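Undergrad: Provide a 3D model corresponding to the input given below.
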Amino acid sequence: RHSAITDKIPWPFAERLAAEKITTPTVSPAADSALTTPAYPTVFQDDFSINRGLYVWDTERSFGGVVDGVYRVGVIGPHIVTWRVYEGLRASDFYLKASVILPRSTKLYSCGIVFRKSDQGRYLFGINNDQSYEFIKVTPSGEEVTMIDWVGDIAIKPSGVNELEIIAKGAIIELYVNGE
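TA: Okay, the predicted model is just below:
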């Protein structure tokens, strides 16, 4: 059985998703957060109840789309990186909070957030199921500059939902995993 959302996704991807139980991550109320977040106006919020402009794709190497309130991105095979950007959304100073899911596996998986993407490059804040995180700046030429190399942190859950938070104000970027 396919929902109206699933019907808009190419069939090989939809069939893979239909075979899996998809759960929607829960978000902790802001009052429970240990962070003092800046009072930026909300310029974008998405509960993924429908696809509001995220690209839907299914190729030999990766797939992604919104299904049952979850934006799923996956890769097929080792050493593949993929990401998607909300086109038209530009913010230099912001507070961002996203729930990401690491699968339970003995293989190494990573996920994260690409932000401040522009002609000047982009940043990547990533975590993996080895309970480590990294922070990278990618220059306009594509060179990766490691700002923080993979560092272990017990706040990272090796499987399941992790909440990533970024506070960016000017040259200052604060990164948090699960409130820490």
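Undergrad: Tell me the buried residues in stretch 125-145?
TA: Buried residues in stretch 125-145, counted by 16 or more other Cβ atoms under 10 Å: 125-129, 131-138. From N, CA and C alone the C-beta is placed, and that goes for glycine too.
Undergrad: could you give the mean pLDDT of that stretch?
TA: Per-residue pLDDT over stretch 125-145 has a mean of 93.
Undergrad: Report the distance from it to the chain centre.
TA: 13 Å (Cα atoms, centre = their mean, to the nearest Å).
Undergrad: Now do that stretch: distance from first to last residue.
TA: 12 Å (Cα to Cα, to the nearest Å).
Undergrad: ok, back up a step: out of the buried residues of stretch 125-145, which comes closest to residue 161?
TA: When those are compared for distance to residue 161 (Cβ to Cβ), residue 127 wins out at 11.5 Å.
Undergrad: Just give the closest residue to that closest one, not the sequence neighbours.
TA: Take residue 127 and drop its neighbours on the chain: the residue closest to it by Cβ to Cβ, 6 or more residues apart in numbering is residue 133, 4.8 Å away.
Undergrad: Which residues does stretch 146-161 contact?
TA: If you take Cβ atoms under 8 Å, 6 or more residues apart in numbering as the criterion, stretch 146-161 is touched by 25-26, 99-105, 123, 127-137, 162, 175, 177-180.
Undergrad: that older thread, filter the buried residues of stretch 125-145 down to the ones in helices?
TA: Per DSSP state H, helices hold no members of the buried residues of stretch 125-145.
Undergrad: export those residues to a markdown table and tack on distance to residue 114?
TA: Below are the buried residues of stretch 125-145 laid out as a markdown table (distance: Cβ to Cβ, whole Å):
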| residue | distance to residue 114 |
| --- | --- |
| 125 | 8 |
| 126 | 9 |
| 127 | 13 |
| 128 | 16 |
| 129 | 19 |
| 131 | 21 |
| 132 | 18 |
| 133 | 14 |
| 134 | 13 |
| 135 | 12 |
| 136 | 10 |
| 137 | 11 |
| 138 | 8 |
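Undergrad: and those residues, which of them are in strands?
TA: 125-128, 132-138 (DSSP state E).
Undergrad: which residues does residue 76 contact?
TA: Residue 76 sits next to 60-63 when contact means Cβ under 8 Å, 6+ apart.
Undergrad: Report the beta-bridge partner residues of the residue nearest to residue 127.
TA: residue 127, residue 151 (DSSP bridges).
Undergrad: got the buried residues for stretch 45-63?
TA: The neighbour-count check on stretch 45-63 (16+ other Cβ under 10 Å) flags 48, 51, 54, 56-58, 62-63 as buried.
Undergrad: In CSV: those, plus distance to residue 158.
TA: Listed next are these as CSV, based on distance: Cβ to Cβ, whole Å:
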residue, distance to residue 158
48, 24
51, 30
54, 27
56, 29
57, 28
58, 28
62, 23
63, 23
